[in-house]
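Asker: just coords:
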């Protein structure tokens, strides 16, 4: 991929991450554990929401770190393709994977719904609307990022291994 294409991909990725970060921050700044469990105060739901909030905080941190690294890539006087590709790889493996495979598994993607126009995200428990809405709101961003950065799922590492073997 040419330097211009990689640079454009970095710009687009950074813009999408910014959108997801802003939406996630708004949610995390507005809602607390006691607010989310107000209607369902059993131990199972408390554990569920603790995991849910933990996953969102991790996603936010990974997204902010990636956003900053892409900013560094784009601000450098000379565009460093290697550094840019590594930053894009990290977006895929930290942000996208943490979104679609959250540690606490409060939700998951059901691929059977991906092409039906329905929401592909399925929640493990019935949750309050605000928590459901934030996940569904940022789903589109992370789906677009996944589509844009599919190359970095495996081909990037394969290319790097081949380069290191040739050296």
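Answerer: Yep, it's here. Note that this is a predicted model, so its numbers are computed, not measured.
Asker: hmm, residue 6 is touching residue 86, no?
Answerer: No - between residue 6 and residue 86 there is no contact under CB atoms under 8 Å: 11.1 Å. Every C-beta, even on glycine, is put in place using the N, C-alpha and C of the backbone.
Asker: tell me which of these two has more neighbours.
Answerer: residue 6 (19 against 16; other CB atoms under 10 Å).
Asker: for that one, what are its contacts?
Answerer: Residue 6 makes contact with 79, 81, 84, 85, 88, according to CB atoms under 8 Å, 6 or more residues apart in numbering.
Asker: can you say which helix or strand has it in it?
Answerer: helix 3-30 (DSSP states H and E).
Asker: residues of that helix that come out buried?
Answerer: 6, 9-10, 13-14, 16-18, 20-21, 23-24, 27 (16 or more other CB atoms under 10 Å).
Asker: now the residues you listed as TSV including pLDDT and distance to residue 65?
Answerer: As requested, the buried residues of helix 3-30 are arranged in TSV below (pLDDT from 0 to 100; distance: CB to CB, whole Å):
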residue	pLDDT	distance to residue 65
6	92	19
9	95	18
10	96	15
13	97	13
14	98	12
16	98	15
17	98	10
18	98	13
20	97	13
21	98	10
23	97	17
24	97	14
27	96	19
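Asker: can you list the low-confidence ranges for this structure?
Answerer: Applying pLDDT under 70 to the chain flags the ranges 111-118, 154-167.
Asker: state which helix of it is the longest.
Answerer: helix 43-75 (DSSP state H).
Asker: helices or strands up against the very next helix or strand once past it?
Answerer: Heading C-terminal from helix 43-75, the first helix or strand you meet, by DSSP H and E, is helix 81-90. Counting contacts by 3 or more CB pairs under 8 Å, 6 or more residues apart in numbering; DSSP states H and E, helix 81-90 packs against helix 3-30, helix 43-75, helix 151-166.
Asker: moving C-terminal from helix 81-90, which element do we reach first?
Answerer: Helix 81-90 is succeeded, C-terminally, by helix 97-100 (DSSP H and E).
Asker: how far does that next one sit from its chain's centre?
Answerer: Centroid separation for helix 97-100 versus its chain: 5 Å, with CA atoms, centre = their mean, to the nearest Å.
Asker: helices and strands around it, which ones?
Answerer: helix 43-75, helix 129-148.
Asker: who touches it?
Answerer: Counting by CB under 8 Å, 6+ apart, 55, 58, 59, 62, 108, 109, 138, 142, 146 sit against helix 97-100.
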